[in-house]
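[1] model the structure of this input:
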Amino acid sequence: MAQANKKTSSTSGLDRFFGLTANGTDVKTEILAGITTFMTMAYILAVNPSILGDAGMNAGGVFTATALSAVFATLIMGLYAKYPFALAPGMGLNAFFAYTVVIKMGYSWQFALTCILAEGIIFILLTFINVREAIFNAIPQSIKYAVSAGIGLFIAFIGFQGSGIIIGDGATLVTIGDMTQAPAVLAMVGVIITIVLYKKNVRGSLLIGVLATYVLGIVAEFIGWYVPNPEAGLYPLLPNALFSLPPSLKPVAFKFAFSEVFENIDSIMTFIVVTFTFLFVDLFDTLGTLIGVASKADYLDEEGKLPRIKQSLFADAIGTTVGAMLGTSTVTTYVESSAGVIDGGRTGLTAVSTAICFAIALIFSPIFLAIPAFATAPALIVVGVFMLDGITKVDFTDLTELVPAFLTMVLMPLAYSVSEGLIFGVIAYVLLKVLTGQHKKVTWMMYILAIIFAIKLISPSLIG
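    Presented below is the predicted three-dimensional model:
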């Protein structure tokens, strides 16, 4: 009896802190949603060390830094902002870090980490003086709806790629892969399983779909249909161990190169340009993700504003700063957070659950790293479908609203970037409104954004 009362008290405490009842959710739903989010973004634990390892960083140290930065930033999001958004070192920016700043430009990875630290500190200042919040609020509703749909297409595209359903092609850029191969077939089976479970109102349908696809993959490997081939990105599905101690942070933590930054005027100018590039891409990737996922979760108010946005922006700003100290590239809010939202996650308890999963992964990394991309693909594809409804809220009778929304939505997957879709949408919106005599509908912040975005497109080498 005493144990039951203690459990009830604990549950009610979580309810009061996170507002579970007020948001129409419960502890079980939030935890399952958090696990789902983790499963769809756990790939970063393998990919980030590989990419930054190409820059000369210790891959083991980067693995630990990746997991710890995700834990730290996601906990801030969950406990402070109380939103179900997860954060980790972002894709794209880690590639710019390794292949452009270090390998192409010839600077050390310590120099690049110093740029990340500076970016994080600037982000904290911009968040404190409400600059990032003002940009978020200035973006029109039609584009916000389109961002949600665009992110849906984007993550679905990631799922199709990860399963081999869509592959690269020199003539047409992309084409259909070999649909007789196990990853592609199992991913489509996983999509069907997930949709059926969701239709039957089974809790955790996305997570169950991922796990079911993984188990079917193990069976396929056992009977010889799925053949591991590391050179083709096909790895054994059974982990070679259950757990391992996390590698040391010592080779990568607090490795800044201030002396290299201030070596001469060229290095100072490069430092400024590289820092601004990280800042620019991260700013609009994060804003775009927050807009899209928050829109899907119905967090935006009647004016299109996000309550507690300042706390949300602080989470990734502080996460980036701490991530640089630990030894990893820019930490940002993940579009895969939408998987947890679709699975019912509505409060910070979802984010806390995801953070705990990242912490557990530090010890049980062999298990989590064995789950292949084709197993998480069904969750990403199904979430992409669910997020498309945002575009239906755009006024299709007004081309000055529809065209910017269309560009925003379509260019996210085509350019493989949330920020690029947002850039084209904002520029188109301002131009069309001004040229059709509706300039009064354009705020001064939108004019500023359009000018900055236009410069970015005209002079990509200047801003990245």
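
[2] okay, and the residue lying closest to Phe63 once chain neighbours are set aside sits in which element?
    Setting aside the residues directly before and after it, Phe63 is nearest to Pro49 in space (Cβ to Cβ, 6 or more residues apart in numbering), at 4.5 Å. C-beta here means a position set from N, CA and C on the backbone, and glycine is covered the same way. Following DSSP states H and E, one finds Pro49 within helix 44-53.

[3] please work out which residues outside stretch 447-454 touch it.
    Applying Cβ atoms under 8 Å, 6 or more residues apart in numbering, the contact partners of stretch 447-454 are 135, 138, 423, 426-427, 429-431.

[4] mind checking the SS state of Ala88?
    strand (DSSP: H, G, I helix; E, B strand; the rest coil).

[5] neighbours around Leu113, how many?
    For Leu113, the count of nearby residues is 28 (other Cβ atoms under 10 Å).

[6] quick one: buried residues of the host helix or strand of it?
    Secondary structure assignment for Leu113, by DSSP H and E: helix 109-128. Within helix 109-128, the residues that count as buried by 16 or more other Cβ atoms under 10 Å are 109-123, 126-127.

[7] the longest helix belonging to the chain vs helix 109-128, what angle?
    As assigned by DSSP state H, the longest helix anywhere in the chain is helix 265-296. Computed by axes from the mean of the first three to the mean of the last three Cα atoms, to 10 degrees, the angle separating helix 265-296 from helix 109-128 equals 50 degrees.

[8] what about helix 265-296, distance to the chain center?
    The chain centre lies 14 Å from the centre of helix 265-296; the measure is Cα atoms, centre = their mean, to the nearest Å.

[9] relative orientation of the following helix or strand past that helix and helix 265-296 in degrees?
    Scanning forward in sequence from helix 265-296 by DSSP H and E, the next helix or strand is helix 309-326. Computed by the same axes, to 10 degrees, the angle separating helix 309-326 from helix 265-296 equals 140 degrees.

[10] in CSV, list the C-alpha atoms belonging to helix 309-326.
    Extracted C-alpha coordinates of helix 309-326, given in CSV (Å, rounded to 0.1, in the frame of the first residue of the first chain):
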residue,chain,number,x,y,z
ILE,A,309,10.9,29.9,-27.0
LYS,A,310,13.6,31.7,-25.2
GLN,A,311,14.2,28.7,-23.0
SER,A,312,14.2,26.5,-26.1
LEU,A,313,16.8,28.6,-27.8
PHE,A,314,19.0,28.7,-24.7
ALA,A,315,19.1,24.9,-24.7
ASP,A,316,20.8,24.7,-28.1
ALA,A,317,23.0,27.8,-27.4
ILE,A,318,24.3,26.4,-24.1
GLY,A,319,24.5,22.9,-25.7
THR,A,320,26.7,24.2,-28.5
THR,A,321,29.0,25.9,-26.0
VAL,A,322,29.3,22.9,-23.7
GLY,A,323,29.6,20.6,-26.7
ALA,A,324,32.7,22.6,-27.9
MET,A,325,34.2,22.3,-24.5
LEU,A,326,33.6,18.5,-24.5
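
[11] output the contacting helices and strands for the next helix or strand after that helix.
    Following helix 309-326 in sequence order, the next helix or strand is strand 331-333 (DSSP H and E). Contacts defined by 3 or more Cβ pairs under 8 Å, 6 or more residues apart in numbering; DSSP states H and E place strand 331-333 against helix 59-76, strand 87-89, helix 265-296, helix 309-326.

[12] the strands in this protein, which residues?
    With DSSP state E, the ranges of strands along the chain come out as 87-89, 166-169, 173-176, 331-333.

[13] Lys393: which of those is closest?
    Set against Lys393 and scored by Cβ to Cβ, those come closest in strand 331-333, at 22.1 Å.

[14] neighbouring strands - and their directions - for that closest one?
    Partners of strand 331-333 in the sheet, by DSSP bridges, are strand 87-89 (antiparallel).

[15] avg pLDDT for the partner strand?
    Averaging pLDDT along strand 87-89 yields 95.

[16] neighbouring contacts of that strand?
    The contact list for strand 87-89 (Cβ under 8 Å, 6+ apart) reads 41, 44, 48, 66, 69-70, 73-74, 77, 315-316, 319, 323, 328-334, 358.

[17] at 6 Å what do you get?
    Under the criterion Cβ atoms under 6 Å, 6 or more residues apart in numbering, residues 44, 48, 66, 70, 73-74, 316, 319, 328-329, 331, 333 lie in contact with strand 87-89.

[18] and which of those residues is nearest to Leu93?
    Nearest member of those to Leu93, counting by Cβ to Cβ, is Ser329, at 5.5 Å.

[19] check contacts around that closest one.
    Contact analysis of Ser329 by Cβ under 6 Å, 6+ apart lists 89, 93-94, 97, 116.

[20] which one of those sits in the busiest neighbourhood?
    Highest neighbour count within those, by other Cβ under 10 Å: Pro89, with 32 neighbours.

[21] where's it relative to Ile151, distance?
    19 Å (Cβ to Cβ, to the nearest Å).

[22] so where is the stretch 351-464 of the chain shaky, pLDDT-wise?
    Along the stretch 351-464 of the chain, the model assigns pLDDT under 70 to residues 459-464.

[23] now do the helices in it.
    Along the stretch 351-464 of the chain, counting by DSSP state H, counting those that start in this stretch, helices occupy 365-370, 373-386, 399-415, 418-435, 444-458, 460-463.

[24] what residues does the second one touch?
    Outside of helix 373-386, the residues that reach it under the criterion Cβ under 6 Å, 6+ apart are 39-40, 152, 155-156, 158-159, 162-163, 183, 186-187, 190-191, 194, 206, 209-210, 213-214, 338-339, 342.

[25] mind running it again at 7 Å?
    36, 39-40, 43, 152-153, 155-156, 158-160, 162-164, 183, 186-187, 190-191, 194-195, 206, 209-210, 213-214, 217, 338-339, 342 (Cβ atoms under 7 Å, 6 or more residues apart in numbering).

[26] buried sites along that helix?
    Neighbour-count burial for helix 373-386, counted by 16+ other Cβ under 10 Å, picks out 373-384, 386.
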